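Chemist: Predicted coordinates and the sequence they were generated for:
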Amino acid sequence: RISLLDATAAKVNICNETAIQIQNTTEEEIITPKKQSQVRNNVSPTKSKSKGVKNNATSTKKQKNKNKKSPKKKSKKQKQKQQQNKPAEQQELTLEEQGRYVALDCEFVGVGPGGYESALARVSLVDWNNAVLLDTHVRVSEETPVTDYRTFVSGVREEHLLPDVAMESEKCIAIVKKLLQGRILVGHGLKNDLTVLGITHPWYNTRDTAKYEPFMKKAKKVTDSLSTSTLPRSRKLKDLALTKLDRVIQKEGESHCSIEDSIAALDLYKKARGKWEKVMEYKVGRTQEIECDQAMFDEE
């Protein structure tokens, strides 16, 4: 009887010890099974030392390879986040966003006495990727004949404005209106272009490199007895292209190219797009606030 009780007590102790060992086993030990090489080394102590060293070296090599992390491919979300963190001018636009932009430049001839009045002679429109959307010479009305072709600047000659070569003015203006509708218009000195075209464009969708203050010259302070002027002055597109883009356009002795000029204006905008759009966002928001306040005031 005593020996039977001792045997039972011994079994109970073994069970308790096993239970304690299971409770103390970590989650990592449960999930990660022992390697076969390690089990063999523990079970078979009779094997030669050289083989044991070889197994240890192999397991060490495997462990090193395991520790080497393979480069992970970036997910779409990570790529989008990285893209958003870039300055706006460095961000790649989607095709839909690119389609919102057009750049315009026009060439004029002189009409009337002395050729001082300007008439539309050529229109060029390009998209975000510099593809030409429209490039045509425009027929001048017979009621106001051309008195100065301004060829040295405009590049326009008499043969360019012949009826079988040039587009009718009304047709050209209709095409331009359609291409500008709902889009952001980029250019240099757009006030002149739009005036001669006889069309308008919303200010919030206009990006004129001649009127963007960081691109303008700071005027020297002029003080006299009547006024003080510190307004900035517009710079020539030629100068901006050279200083900002390191590009030579409108070379001496050569006439202007409206396609080249529209692309230069668009590239200037692209370079400053981040800061420029922040300014426009502020202006649009402020304008909306003022309009809301005015509407509330009118209701009262």
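Modeler: Okay, I see it.
Chemist: Tell me which stretches of the stretch 201-300 of the chain form helices.
Modeler: Along the stretch 201-300 of the chain, counting by DSSP state H, counting those that start in this stretch, helices occupy 237-245, 258-299.
Chemist: can you list contacts of the shortest one?
Modeler: Right, helix 237-245. Residues outside helix 237-245 that contact it (C-beta atoms under 8 Å, 6 or more residues apart in numbering): 188-189, 209-210, 215, 247-250, 261, 264-265, 267-268, 271. For glycine as for every other residue, the C-beta is placed from the backbone atoms N, C-alpha and C.
Chemist: Closest one to Ser234 out of those residues, please.
Modeler: Closest to Ser234 out of the contacts of helix 237-245 is Ala210 (4.2 Å), distances taken as C-beta to C-beta.
Chemist: Tell me how many other residues crowd that closest one.
Modeler: When neighbours are defined as other C-beta atoms under 10 Å, Ala210 has 19 of them.
Chemist: for it, what are its contacts?
Modeler: By C-beta under 8 Å, 6+ apart, Ala210 lies in contact with 188-190, 216, 234-235, 237.
Chemist: what helix or strand does Asp135 sit in?
Modeler: Assessed by DSSP states H and E, Asp135 sits inside strand 132-137.
Chemist: That strand: which residues count as buried?
Modeler: Buried positions in strand 132-137, judged by neighbour count with 16 or more other C-beta atoms under 10 Å: 134, 136-137.
Chemist: who wins for proximity to Gly182 among the helices of the stretch 201-300 of the chain?
Modeler: helix 258-299 (15.5 Å).
Chemist: any idea of the mean pLDDT for that closest one?
Modeler: Averaging pLDDT along helix 258-299 gives 93.
Chemist: just stretch 98-107 next, same as before
Modeler: The model assigns stretch 98-107 a mean pLDDT of 97.
Chemist: when you give positions from now on, start the count at 50
Modeler: Sounds good: first residue 50 from here, last item stretch 147-156.
Chemist: Please identify the buried residues of that stretch?
Modeler: Of all the residues in stretch 147-156, those buried under the rule 16+ other C-beta under 10 Å are 150-156.
Chemist: which residues sit against that stretch?
Modeler: Stretch 147-156 is touched from outside by 169-178, 182, 202-205, 225, 228-229, 231-237, 239, 241-242, 245-246, 305, 307-308, 310-312, 314-315, 318, with contacts defined as C-beta under 8 Å, 6+ apart.
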